[in-house]
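Trainee: Sequence and predicted structure below; questions after.
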Amino acid sequence: MNNKYIFGGVIVTVFLGLMIYLFTQTNIQYESDFTRVVKVDKTVKATGSWVKAKNYEIDKTNRTFSFYMVDEKGNEMKVVYEGTIPNNFESATSVVVTGKYENGSFHAKDILTKCPSKYEDGQVKSSSL
Amino acid sequence: MKAYALFRKDLHSELRTRYAVNSLAMFIIVAISVILFSIGQERINENLTAGLYWVVIFFSAMSGLARAFVSEEERGTSLTLQLIASPSTVFSGKLIFNLALVFAMNTVISLLYAALFEGFVLQNFVLFLITFVLGNIGLAVSSTIIAAIIAKAGSKGTLYPVLSFPILLPLILTSVSLTLNSINGTSFEDSIFEIAIVACYDIIMISTSYMLFDFIWKD
């Protein structure tokens, strides 16, 4: 009778640990190093910034939007997004793209842009009512 | 073999009263037709289809499977059962009955979905089949043990979904993403982690249920 609980307890602990480990693996991970983005064959969130020297392109026949992104270490990659250019793209300070690297370019499903805050630095003007 | 006899007994009493079958069928028809009427001609995307599919499964299970042990308490037959069979036999019998109910219910839901929803086109059928089987086993085991817990409690109707939600949440979340993967046609290798999670969940629920049922049943 006692053996049953010991045996069952061991099974439950082992599989619970395994399940928690697997849960952490399924979440989409942030990646700020593009050399790793190119290597791993799964969906990641790549963070970096838009290379303004190389202009973005909008392909109207295929309905794609492509641009070049650069990470902190200066690695560049081409990003292709099926859709239109997101709002505030040109003023974005950093970009997060969710997708997968395939055939020499990063195919993004989603683009998030981070814009410079309006509520920084500047002198507060006194409101005149 | 005693477990099978208990399953036969449950099946006979179910065929006589048709409590679970009626409430399951009613819920499935109402839920699916409300969804169909509200989306109208629109084509809903895959995420929503996979989510709604599991919403219907979760609440149908909540409405139909709660009676497994409550019926024994109400008819006063639980003491007789305690005398003639060991706790694990009783649990196995109820589990087989709930497994049969869940598989029948989900087959009907899947067929209705495949017939009525445009977005529910499975590109990776094998992946969906694995999700279906593993998810159903998890759902049946969890709902059986929770039904045993609430049979002794006062407000049975409301307690069941409240207790089930946190226990079933990991299963439902992973199954939704697996269903989404099979609609999108994601390869088997890419969803191996999710499949392993559901398999782990099933093993954990089966072993804890058999360990803890003795205490619930004898109390």
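Mentor: Cool, the structure landed.
Trainee: dump the residue contacts of A:K114.
Mentor: Contacts for A:K114 (Cβ atoms under 8 Å, 6 or more residues apart in numbering or on different chains) come out as A:A92, A:T93, A:S94, A:V95, A:V96. For the C-beta atoms, the positions are set from N, CA and C on the backbone; glycine is no exception.
Trainee: Export the residues you listed as TSV, with columns for neighbour count, distance to chain B and pLDDT.
Mentor: Below are the contacts of A:K114 laid out as TSV (neighbours: other Cβ atoms under 10 Å in any protein chain shown; distance: Cβ to the nearest Cβ, whole Å; pLDDT from 0 to 100):
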residue	neighbour count	distance to chain B	pLDDT
A:A92	18	26	77
A:T93	11	30	78
A:S94	15	27	83
A:V95	21	23	85
A:V96	18	20	86
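Trainee: which two in these are spaced the farthest apart?
Mentor: A:T93 and A:V96 (11.5 Å; Cβ to Cβ).
Trainee: The residue nearest the centre of chain B: what's it in contact with?
Mentor: Centroid-nearest residue in chain B, with Cα atoms, centre = their mean: B:L139, separated by 3.7 Å. Neighbour list for B:L139: B:I57, B:A61, B:V102, B:L168, B:L171 [criterion: Cβ under 8 Å, 6+ apart].
Trainee: Please flag which of these sit within helices.
Mentor: Using DSSP state H, the subset of the contacts of B:L139 located in helices is B:I57, B:A61, B:V102, B:L168, B:L171.
Trainee: so the residue nearest the centre of chain A, which of the three states?
Mentor: Note on chain A: the residue nearest the mean C-alpha position is A:K45, at 2.1 Å, using Cα atoms, centre = their mean. At A:K45 the chain is in strand, as set by DSSP: H, G, I helix; E, B strand; the rest coil.
Trainee: show me what contacts it?
Mentor: A:I28, A:Q29, A:Y30, A:E31, A:V96, A:V97, A:T98.
Trainee: which parts of chain A sit against chain B?
Mentor: When proximity is defined as Cβ under 8 Å from any Cβ of the partner chain, chain A approaches chain B at A:4-5, A:8-9, A:11-12, A:15-16, A:18-19, A:22-23, A:25-26, A:42.
Trainee: One more pass at 6 Å, please.
Mentor: Contacts of chain A with chain B, taken as Cβ under 6 Å from any Cβ of the partner chain, map to A:G8, A:I11, A:V12, A:F15, A:L16, A:L18, A:M19, A:L22, A:Q25, A:T26.
Trainee: are any of the residues you listed buried, and which?
Mentor: By neighbour count, with 16 or more other Cβ atoms under 10 Å in any protein chain shown, the residues of chain A next to chain B hold A:G8, A:I11, A:V12, A:F15, A:L18, A:M19, A:L22 as buried.
Trainee: Identify the residues contacting B:F69.
Mentor: Counting by Cβ atoms under 6 Å, 6 or more residues apart in numbering or on different chains, B:F69 touches B:A147, B:A148, B:A151.
Trainee: Skip the chain neighbours and tell me the closest residue to it.
Mentor: Spatial nearest neighbour of B:F69, excluding adjacent residues (Cβ to Cβ, 6 or more residues apart in numbering or on different chains): B:A151 at 3.6 Å.
Trainee: Next, the buried residues of the worst-scoring helix or strand of chain B on mean pLDDT.
Mentor: Every helix and strand of chain B was ranked by mean pLDDT, DSSP states H and E. The lowest is helix B:67-75, at a mean of 82. The neighbour-count check on helix B:67-75 (16+ other Cβ under 10 Å) flags B:R67, B:A68, B:F69, B:V70, B:S71, B:E72 as buried.
Trainee: Out of those, which is nearest to B:L83?
Mentor: Nearest to B:L83 out of these is B:E72 (Cβ to Cβ; 12.8 Å).
Trainee: Distance of that closest one relative to A:K100?
Mentor: Plainly put, B:E72 is 53 Å away from A:K100 if you go by Cβ to Cβ, to the nearest Å.
Trainee: Break down the chain into its strands, ranges please.
Mentor: Reading this off chain A. A:30-31, A:44-50, A:57-59, A:64-70, A:76-82, A:94-102, A:105-114 (DSSP state E).
Trainee: Lowest average confidence across the ones you listed, which one?
Mentor: Across the strands of chain A, strand A:30-31 has the smallest mean pLDDT, namely a mean of 77.
Trainee: Name every strand pairing with that one and say which way it goes.
Mentor: strand A:44-50 (parallel) (DSSP bridges).
Trainee: Tell me the one of the contacts of A:K45 nearest chain B?
Mentor: Closest approach to chain B among the contacts of A:K45 (Cβ to the nearest Cβ): A:I28, at 11.1 Å.
Trainee: In contact with that closest one, which residues are there?
Mentor: Counting by Cβ under 6 Å, 6+ apart, A:I28 has contacts A:T43, A:K45.
Trainee: per-residue pLDDT, it?
Mentor: Looking at A:I28, its pLDDT reads 71.
Trainee: A:Q123 now?
Mentor: The score at A:Q123 is 62. That number is its pLDDT.
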